[in-house]
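Visitor: I'd like to go over a predicted model; first the sequence, then the structure.
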Amino acid sequence: MLGASLNKAFYYFKSRWQSSWNYSLWALLIFPLSPFLGAVTISFVSLITLVRQYRKISRRPLNWGFALLSVLLIMTAGVAHNKTEAFLGLFNLLPFFLVFAAHSTLIQTFAQLRQMAWILVISSMPVVIIGLGQLFLGWNLKFQFLWIVLAGTIRPGGNPPGRIASLFMHANTFAAYLAIVFILGLGLWLEQWRLGISKNSVPSRQLRVPFLFLTVAVITNFITLIFTSSRNGWAIAIFACLAYAFYQGWRILVGGVAAIVSSTLLAAFAPSPVAEFFRQYVPAFFWARLNDDMYPDRPVALMRKTQWEFAWSLAQEHPLTGWGLRSFSALYKAQMHIRLGHPHNLFLMLSAETGLPSAFLFYGLLGWILITGVQLLRKSKCINRQDRLILFSYLLAFVAWVLFNTVDVTLFELRLNALSWLILAAICGVVHRYNQQDRLEAHLN
């Protein structure tokens, strides 16, 4: 009787656990079109998971690190020059630490990593279509349904003009989103390609349909990424292609990509005779964007170097507590007489606004996630080749996020912020599970 009751309870909680993950997948599916519904659903799933798995979550050292970081951030907000703005800035960080802690417990298998990657690729297609219509068909639409449940603005010609932004606030944030989706989609495409060539006969429809969809999705995302005119997005996409080529051992592809990149860089930055030669073959759309010839006479205050130097000077003035979250914009306007939302570098921004101790703790926690993920990829005996590829894709997406945030800040875009923390949580959840499995096997042997 007792055994039957325990079994019934076990299957009940197992079904509830699975349904929580399904809700998170549903949230990711609608997130690009409805940030409000996506955020509410992910918050709900996170709270339920935190309540159910509190003991397990509280035992993990990485979560202790984020708890300590939360305390430091609250302390720095308490001594900030503008306390109201600083405490409001906490909402871009503290809730996502909870999302990370909950979902790193909820996500534990490579199957979940694949599900999440597929959902992200599928949900990107409507946004990409809207973006292409915005740029090439002049779509102009502002829609709102049930207040903010489903709302958005499509500006004809993009934002800034001539650059695809789709439903995102700026072309650069859209490029960051596309770069992550492109990387995960390319990983899934390689996985399907491997499955196809492993068959001796012609692949069945069950393999052909996903492969064809991924082919279209990856190409479309890449083309759309080009039309965002984001140099950061271009660099990350090329970096991702090279990383996958190295991983697969495709030396010819590595050489081809390196030749294309070198030609473009020479057309943009080489001395005049050399540059003129390569400009005959490289479209001006690329080299003129790289060297800023496309946007001449840019004010010094809008240059990243100026912003970075100012942010670092702020960090040096208040190295322990910083100036307070969301303080950079007001301080920069007072000095440069121009409004700028952030210094286009997340790590310098946090150093200036939260102080060096908080910033370096944040960098250390990110480094820990990356190092443990790479260690699992290289050393674990529990992972087959197919699963290694999907883990490699997530690690590559994580690196891409870090690289993008060295020249921009994605913290203020709700969808990007949530997506980045879910990717970190996915890596940590799988790493934790398989490290436990390795320790158990070592103990038994």
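Guide: Perfect, I can see it now.
Visitor: I'd like to know which elements the top helix by length along the chain is packed against.
Guide: Secondary structure of the chain per DSSP state H: the longest helix is helix 414-444. In terms of contacts (3 or more CB pairs under 8 Å, 6 or more residues apart in numbering; DSSP states H and E), helix 414-444 is packed against helix 2-30, helix 35-52, helix 94-106, helix 110-136, helix 171-197, helix 356-379, helix 385-404. The way it works is simple: take the backbone N, C-alpha and C, and place the C-beta from them, glycine included.
Visitor: Without its sequence neighbours, what residue ends up closest to residue 225?
Guide: residue 178 (4.4 Å; CB to CB, 6 or more residues apart in numbering).
Visitor: what does residue 407 give?
Guide: Of all residues not flanking residue 407 in the chain, residue 232 sits nearest, at 5.1 Å (CB to CB, 6+ apart).
Visitor: for residue 53, same thing?
Guide: Per CB to CB, 6+ apart, closest to residue 53 is residue 105, 4.8 Å.
Visitor: OK, contacts around the residue nearest to residue 225?
Guide: By CB atoms under 8 Å, 6 or more residues apart in numbering, the contact set of residue 178 is 124, 128, 221, 224-225, 228, 233.
Visitor: Out of those, list just those in helices.
Guide: Those of the contacts of residue 178 lying in helices (DSSP H): 124, 128, 221, 224-225, 233.
Visitor: Could you export the residues you listed as CSV, including neighbour count?
Guide: CSV is the format used below for the ones in helices among the contacts of residue 178 (neighbours: other CB atoms under 10 Å):
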residue, neighbour count
124, 24
128, 22
221, 26
224, 24
225, 25
233, 26
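Visitor: I'd like to know which of these is nearest to residue 418.
Guide: residue 124 (14.8 Å; CB to CB).
Visitor: Could you measure from the closest one over to residue 419?
Guide: To residue 419, residue 124 is 11 Å away according to CB to CB, to the nearest Å.
Visitor: picking up where we left off before, where is pLDDT lowest across the ones in helices among the contacts of residue 178?
Guide: The member of those with the lowest pLDDT is residue 233, at 91.
Visitor: wait, doesn't that residue sit right on residue 225?
Guide: Yes. Residue 233 lies in contact with residue 225 (CB atoms under 8 Å); the separation is 5.1 Å.
Visitor: Now the common contact residues for the two.
Guide: In contact with both residue 233 and residue 225: 175, 178-179, using CB under 8 Å, 6+ apart.
Visitor: which element is the nearest residue to residue 174 once chain neighbours are set aside on?
Guide: Spatial nearest neighbour of residue 174, chain neighbours left out: residue 168 (4.0 Å); criterion: CB to CB, 6+ apart. Taking DSSP states H and E as the definition, residue 168 sits outside all helices and strands.
Visitor: I figured residue 168 hits residue 412, correct?
Guide: No. Using CB under 8 Å as the test, residue 168 is too far from residue 412 to be in contact (11.3 Å).
Visitor: okay, the two: which has more neighbours?
Guide: residue 168 (23 against 15; other CB atoms under 10 Å).
Visitor: ok, that one to residue 137 distance?
Guide: Counting by CB to CB, the gap from residue 168 to residue 137 is 18 Å.
Visitor: What of residue 352?
Guide: Taking CB to CB, one finds residue 352 at 42 Å from residue 137.
Visitor: And residue 108, by the same measure?
Guide: Taken as CB to CB, the span from residue 108 to residue 137 is 44 Å.
Visitor: With neighbour numbers in mind, choose between the two.
Guide: More crowded of residue 108 and residue 137, by other CB under 10 Å: residue 108, with 18 against 9.
Visitor: what residues are up against the residue nearest to residue 53?
Guide: Residue 105 neighbours (CB under 8 Å, 6+ apart): 49, 53, 56-57, 429.
Visitor: For the nearest residue to residue 341 once chain neighbours are set aside, pull up the helix or strand it's in.
Guide: Excluding its sequence neighbours, the residue lying closest to residue 341 (CB to CB, 6+ apart) is residue 329, at 5.6 Å. Using DSSP H and E, residue 329 sits within helix 328-336.
Visitor: Mind giving me the packing neighbours of the following helix or strand past that helix?
Guide: Counting by DSSP H and E, the next helix or strand C-terminal to helix 328-336 is helix 346-354. With contacts defined as 3+ CB pairs under 8 Å, 6+ apart, helix 346-354 has these neighbours: helix 61-78, helix 304-317, helix 328-336, helix 356-379.
Visitor: Just name the shakiest helix or strand of this structure by mean pLDDT.
Guide: Every helix and strand of the chain was ranked by mean pLDDT, DSSP states H and E. The lowest is helix 2-30, at a mean of 61.
Visitor: rewinding a little: compare the contacts of residue 105 and tell me which is most surrounded.
Guide: residue 49 (24 neighbours).
Visitor: What's the per-residue pLDDT of the closest residue to it other than its chain neighbours here?
Guide: Setting aside the residues directly before and after it, residue 49 is nearest to residue 102 in space (CB to CB, 6+ apart), at 3.9 Å. pLDDT for residue 102: 95.
Visitor: Give the burial count for residue 102, as a bare number.
Guide: Under the criterion other CB under 10 Å, the count of neighbours that residue 102 has is 27.
Visitor: any idea how far residue 66 is from it?
Guide: 12 Å.
Visitor: Residue 298 versus the nearest residue to residue 394 once chain neighbours are set aside, what's the distance?
Guide: Among residues not flanking residue 394 along the chain, residue 427 sits closest, at 5.3 Å (CB to CB, 6+ apart). Distance, residue 427 to residue 298, using CB to CB: 37 Å.
Visitor: try residue 334
Guide: Residue 334 is 21 Å from residue 298, by CB to CB.
Visitor: what's the average pLDDT for the host helix or strand of residue 266?
Guide: Using DSSP H and E, residue 266 sits within helix 251-269. Mean per-residue pLDDT for helix 251-269: 80.
Visitor: and it, which residues are buried?
Guide: Neighbour counts over helix 251-269 (16 or more other CB atoms under 10 Å) mark 254, 257, 261, 263-268 as buried.
Visitor: same deal with stretch 387-401?
Guide: Neighbour count says stretch 387-401 has 387-401 buried, by 16+ other CB under 10 Å.
Visitor: Thanks a lot, catch you later.
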